[in-house]
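What follows is a predicted structure for the sequence shown.
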Amino acid sequence: MTPLIIPVFLPHLGCREHCLFCNQRTTAKKVPSPQSVGKFIEASLHHFPSHQGEREKQVAFYGGSFTAMSLEDQVSYLKEVQPFLSSDRIDSIRLSTRPDALNEETLATLKEYGVKTVEVGAQSMLDEVLILSKRGHDAKDSASAILRLKNWGFEVGVHLMIGLPGDTCDYFLWSLDQMIDLKPHFVRIHPTLVLQGASLEELWKSGGYSPLTIDEAVEWLKKGILKLERASIPVARIGLQPAKELEKHLLAGPFHPALHQLVDSAIFYDMAEYLLRNDPDGSKPVFISHPKDLSNLKGQRNENILRLKNRFKLSDIFIFSSREVVRGGLVLQTRGREVWIDRKSFD
Ligand code: SF4
């Protein structure tokens, strides 16, 4: 069950670098002080729905590079959460940070103050891509941070990006392979967006950078997600959360409020296309999926059905759902035949 998160956003705090794609330095409004954190948590707890009582509650320090702040500053924020932890009103803390700011002393402090989850901004495992993105760390830093965090018993999440300068689909898939070997507990993948105020804005305006299209992003993500599913590594999120602030600063790039759903629909299209292609009797095909996969099978505004009809010159395709089909599975019934495929075994 995913935890309920109280996000405390600390824009650009601790950052020594100005990563090419990041606009936190220029758009950061007021950074919450450590003293304001307790009040914020208290107010947020009142807004949590009461029936969610069983779910883990986490305070999350997002934005900036938490562990790149001085140890004293980190502790001043972490201390504010301690009364909530000791009264069991909050279960644990999570934070996001850079891979090169996680030394042993910092890890010991995070453990001491109840941090459970650390999300590491690796972005890519290609040094060439990291240099072009002005990250200021290399792939070895990310690998070593993930292994050390796991040794200390933290839950480890990894952030990767697609479409950074110098990136290709093969590089992204190679980065994922490196990550899969390191076995993080979950992965988030964000497409690179051109945001007002980021250094990438200048590069894009001068013609030195072209963002991925939505179709390209879906293509890369489709391959990436299947890879992670086969390795049983959960994908916590694809794409940035739609927010007014983000949309206000968005200049270009593959932003879509339901990107994950687009990717899932594309996977189901490919599975259906594969089954039909391999079925010579597919004149009146019937597809059956798990009820929770039905909308992905149909695609947004029935796009998958229309594409399949066009592709195979079919007058009708029948779609049903059944709980007897496993999540991620797809059954094709044609005259006298039934074949099925599972997205985990689909490549
Ligand atoms: S991407 Fe992260 S590390 Fe880089 S400047 Fe932005 S907040 Fe700081």
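Cool, the structure landed.

What is the neighbour count of the residue of the stretch 201-347 of the chain found nearest the ligand?
Closest contact between the stretch 201-347 of the chain and the ligand, by CB to the nearest ligand atom, is at residue 240 (12.3 Å). Quick note: C-beta positions are derived from backbone N, CA and C, even for glycine. For residue 240, the tally of surrounding residues (other CB atoms under 10 Å) stands at 17.

That one: what's it in contact with?
Counting by CB atoms under 8 Å, 6 or more residues apart in numbering, residue 240 makes contact with 190, 193, 246, 255.

How about the second one, nearest residue that isn't a chain neighbour?
Distances taken as CB to CB, 6 or more residues apart in numbering put residue 253 closest to residue 193, at 3.6 Å, once the chain neighbours are dropped.

contacting residues for the one you found?
163, 191, 192, 193, 194, 211, 212.

same check, this time on residue 332
So residue 332 contacts 272, 275, 276, 279, 282, 285, 286, 287, 338, 339, 340 (CB under 8 Å, 6+ apart).

can you confirm it is in a strand?
Yes. Residue 332 forms part of a strand when assessed by DSSP: H, G, I helix; E, B strand; the rest coil.

what would the contacts of residue 332 look like in a markdown table with secondary structure and distance to the ligand?
Below are these laid out as a markdown table (DSSP: H, G, I helix; E, B strand; the rest coil; distance: CB to the nearest ligand atom, whole Å):
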| residue | secondary structure | distance to the ligand |
| --- | --- | --- |
| 272 | helix | 38 |
| 275 | helix | 42 |
| 276 | helix | 43 |
| 279 | coil | 48 |
| 282 | coil | 48 |
| 285 | coil | 47 |
| 286 | strand | 48 |
| 287 | strand | 42 |
| 338 | strand | 49 |
| 339 | strand | 46 |
| 340 | strand | 43 |
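
Go through these and name the one with the lowest pLDDT.
pLDDT across the contacts of residue 332 is lowest for residue 282, at 63.

Can you select the buried ones among the contacts of residue 332 for me in ChimeraX?
Entered in ChimeraX, the line below selects the buried ones among the contacts of residue 332, by 16 or more other CB atoms under 10 Å:
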select :272,275,276,279,282,285,286,287
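
Lowest-confidence entry in the contacts of residue 240?
residue 246 (84).

tally of neighbours for that one?
15.

In which helix or strand does it reside?
Per DSSP states H and E, residue 246 falls inside helix 244-249.

How about residue 148?
Per DSSP H and E: helix 139-151 holds residue 148.

Could you pull out the buried residues of that helix?
139, 141, 142, 143, 145, 146, 148, 149, 150.

try stretch 195-204
So, applying 16+ other CB under 10 Å, buried residues of stretch 195-204: 195, 198, 199, 200, 201, 203, 204.

Show me these that map onto helices.
Among the buried residues of stretch 195-204, DSSP state H puts 199, 200, 201, 203, 204 in helices.

Show me what the closest residue to the last one other than its chain neighbours is bridged to.
Taking CB to CB, 6+ apart, and ignoring the residues beside it in sequence, residue 204 has residue 194 as its nearest neighbour in space, at 4.6 Å. Beta-bridge partners of residue 194, counted by DSSP bridges, are residue 252.

Distance check, residue 194 against residue 182.
As for residue 194, its distance to residue 182 is 30 Å (criterion: CB to CB, to the nearest Å).

Neighbour count: these two, which is higher?
Legend: neighbour count by other CB under 10 Å for residue 194 and residue 182, higher for residue 194 (22 against 19).

ok and the residue in the stretch 101-250 of the chain nearest the ligand?
Closest to the ligand within the stretch 101-250 of the chain is residue 121: 5.6 Å, counting by CB to the nearest ligand atom.

Name the SS class of that residue, please.
strand.

so it makes contact with residue 96?
Yes. Counting by CB atoms under 8 Å, residue 96 is a contact partner of residue 121 at 6.4 Å.

Report the set of residues contacting both of these two.
Here residue 121 and residue 96 have residue 159 as joint contacts, going by CB under 8 Å, 6+ apart.

quick revisit: out of the contacts of residue 253, which touch the ligand?
Filtering those for proximity to the ligand (criterion: CB under 6 Å from any ligand atom) leaves nothing.

Next step: the residues you listed restricted to helices.
Using DSSP H, none of the contacts of residue 253 sit in helices.

Out of those residues, flag the one nearest to residue 79.
Checking the contacts of residue 253 against residue 79 by CB to CB gives residue 193 as the nearest, at 34.8 Å.
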